[in-house]
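S.K.: Got a predicted structure here, sequence first:
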Amino acid sequence: MLIMLRNYTRNFLLIFISIAGTLLIAECISRIVFDPIDFLKPKAVPDEVLRYRIDPGSGAHDSLGYRNKSVPAAADIVAIGDSHTYGISARASESWPSALAEMTGKSVYNMSLGGYGPAEYLYLMESEALKFHPDIIIAGFYLGNDIIDSFNAVYSVDIWKDLRKSEFEASHGNDDTEEDESSYCIGDWLAGHSVIYRFVSSSFIGDNLRQARRLKKGEEIVMLKDEKNGINTGFTPDQRLKGLDLKRPEVREGLGLSLSFFDRMNELARENNIEFIVLIIPTKESVFARYIEGNKSLTASDKIDYLLRNESEADIEIRKYFDEHGIRYVDALGPLSRSAGVLQIYPNNFGGHENSNGYRIIAGAIKDYLDSGNTR
């Protein structure tokens, strides 16, 4: 009996060591084939002003905690933004800042992170971006949640307390539309240390699992399948309305705060002789408006139409403000909308972030603006 137990233990250890060795070799090979910055999940750490930031060096991010290979002494352009500037749903080399660098031949430093909004953009510009002595600073303004992000930042971070109004003091909350990743588990550890694990979890399989999890929670995901135009993708009007329903006082307050933050950024740029441009990034719903607006065959059709009306109103108000205050901007809605149904510019799921094609279109719109001589 003892001999059998020893044999069983020895065979188990041999199998375990063989599997572990195989996985280790596969992990080493994957780090050669794939760039770790595209797969490893960085570690978030608390920050008194930004609320959180990336632990420098984690997830193959640079020494400042941003999604770049390294930190340059200077940069021609600094891009500040949220996940749509960070480049979710694409590799770091496929984000719009990277595509813009490729198209223009200029050095572009990407200083962005999902969950940030105009309050964080202003702070980053003041405290970090100016150190790169850029000729141009571009702030990505995502209409889907940046407006409510401004509200949440002002009413939760003490540095902005002078901007608060008494009627909102007790009403702020976390309206962020991204998934809650505050809990830490073995999956998070693997995501931060294993390219293989991250490759699988961030693949089509992982996307389907995340979509199933959202549906299980009761979240409404509206799928559009248009074979004629080759469209098969999903929309999340419930989430988008959290940050774009202009009937909500918090959203209205957030819009006013956002505009004032961009005004301060523009003045700061002028003081430092830097070109400042706001990139207006629309929601996926607005990009596909001609396919989904008034489309009664879709579930939540009325909700989608309401969302589109609110975003259109916000976009008009924002552009009017920018025009009146001399703030230069590029609205990516037109270029992205013209490509919808022609090119795959978003994932074939609920994801609201552009893919590499979408980011390249955004970069092209910025390049066209720069080439047109609209900057001062």
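M.R.: All right, it came through fine. As the structure is a computational prediction, the values presented were derived from the model and not from experiment.
S.K.: switch to C-alpha atoms for all contacts and neighbour counts from now on
M.R.: Noted.
S.K.: Tell me how many other residues crowd residue 303.
M.R.: The number of residues packed near residue 303 is 14, by other Cα atoms under 10 Å.
S.K.: Tell me the secondary structure at it.
M.R.: Three-state assignment for residue 303 (DSSP: H, G, I helix; E, B strand; the rest coil): helix.
S.K.: can you pull the contacts of it?
M.R.: 237, 238 (Cα atoms under 8 Å, 6 or more residues apart in numbering).
S.K.: Compute the number of surrounding residues for residue 105.
M.R.: By other Cα under 10 Å, neighbour count at residue 105 equals 10.
S.K.: Dump stretch 270-289 to PDB, keeping only the CA atoms.
M.R.: In PDB, the C-alpha atoms belonging to stretch 270-289 read as follows (Å, rounded to 0.1, in the frame of the first residue of the first chain):
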ATOM      1  CA  ARG A 270      -1.900  79.800 -24.100                       C
ATOM      2  CA  GLU A 271       0.200  80.800 -21.100                       C
ATOM      3  CA  ASN A 272       2.800  78.200 -22.100                       C
ATOM      4  CA  ASN A 273       2.600  78.900 -25.900                       C
ATOM      5  CA  ILE A 274       1.200  75.400 -26.600                       C
ATOM      6  CA  GLU A 275      -1.500  74.400 -29.100                       C
ATOM      7  CA  PHE A 276      -4.500  72.900 -27.300                       C
ATOM      8  CA  ILE A 277      -7.000  70.700 -29.100                       C
ATOM      9  CA  VAL A 278     -10.000  68.800 -27.700                       C
ATOM     10  CA  LEU A 279     -10.900  65.600 -29.500                       C
ATOM     11  CA  ILE A 280     -14.600  65.000 -29.200                       C
ATOM     12  CA  ILE A 281     -15.200  61.200 -29.100                       C
ATOM     13  CA  PRO A 282     -18.800  60.100 -29.700                       C
ATOM     14  CA  THR A 283     -20.500  57.000 -28.300                       C
ATOM     15  CA  LYS A 284     -20.800  53.900 -30.400                       C
ATOM     16  CA  GLU A 285     -24.600  54.500 -30.600                       C
ATOM     17  CA  SER A 286     -24.100  57.900 -32.300                       C
ATOM     18  CA  VAL A 287     -21.600  56.400 -34.700                       C
ATOM     19  CA  PHE A 288     -24.200  53.900 -35.800                       C
ATOM     20  CA  ALA A 289     -27.200  56.300 -35.600                       C
END
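S.K.: What residues does the most centrally placed residue in the chain make contact with?
M.R.: For the chain, residue 83 is the residue whose C-alpha lies nearest the centre (Cα atoms, centre = their mean; 1.3 Å). Residues counted as contacts of residue 83 (Cα under 8 Å, 6+ apart) are 112, 113, 114, 115, 116, 353.
S.K.: and stretch 323-336, C-alpha only, in PDB?
M.R.: C-alpha atoms of stretch 323-336 as PDB (Å, rounded to 0.1, in the frame of the first residue of the first chain):
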ATOM      1  CA  ASP A 323     -16.400  78.200 -30.700                       C
ATOM      2  CA  GLU A 324     -17.300  81.000 -28.300                       C
ATOM      3  CA  HIS A 325     -14.300  80.500 -26.100                       C
ATOM      4  CA  GLY A 326     -11.700  79.900 -28.800                       C
ATOM      5  CA  ILE A 327     -11.100  76.300 -28.000                       C
ATOM      6  CA  ARG A 328     -10.000  74.300 -31.000                       C
ATOM      7  CA  TYR A 329     -11.500  70.800 -31.400                       C
ATOM      8  CA  VAL A 330     -11.800  67.800 -33.700                       C
ATOM      9  CA  ASP A 331     -15.200  66.100 -33.700                       C
ATOM     10  CA  ALA A 332     -14.600  62.400 -34.600                       C
ATOM     11  CA  LEU A 333     -18.300  61.700 -35.100                       C
ATOM     12  CA  GLY A 334     -18.300  62.400 -38.900                       C
ATOM     13  CA  PRO A 335     -15.300  60.300 -39.800                       C
ATOM     14  CA  LEU A 336     -16.400  57.400 -37.700                       C
END
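S.K.: Provide the contact partners of it at residue level.
M.R.: 263, 266, 276-282, 286-287, 319, 322, 345, 358, 361-362, 365-366, 369, 375.
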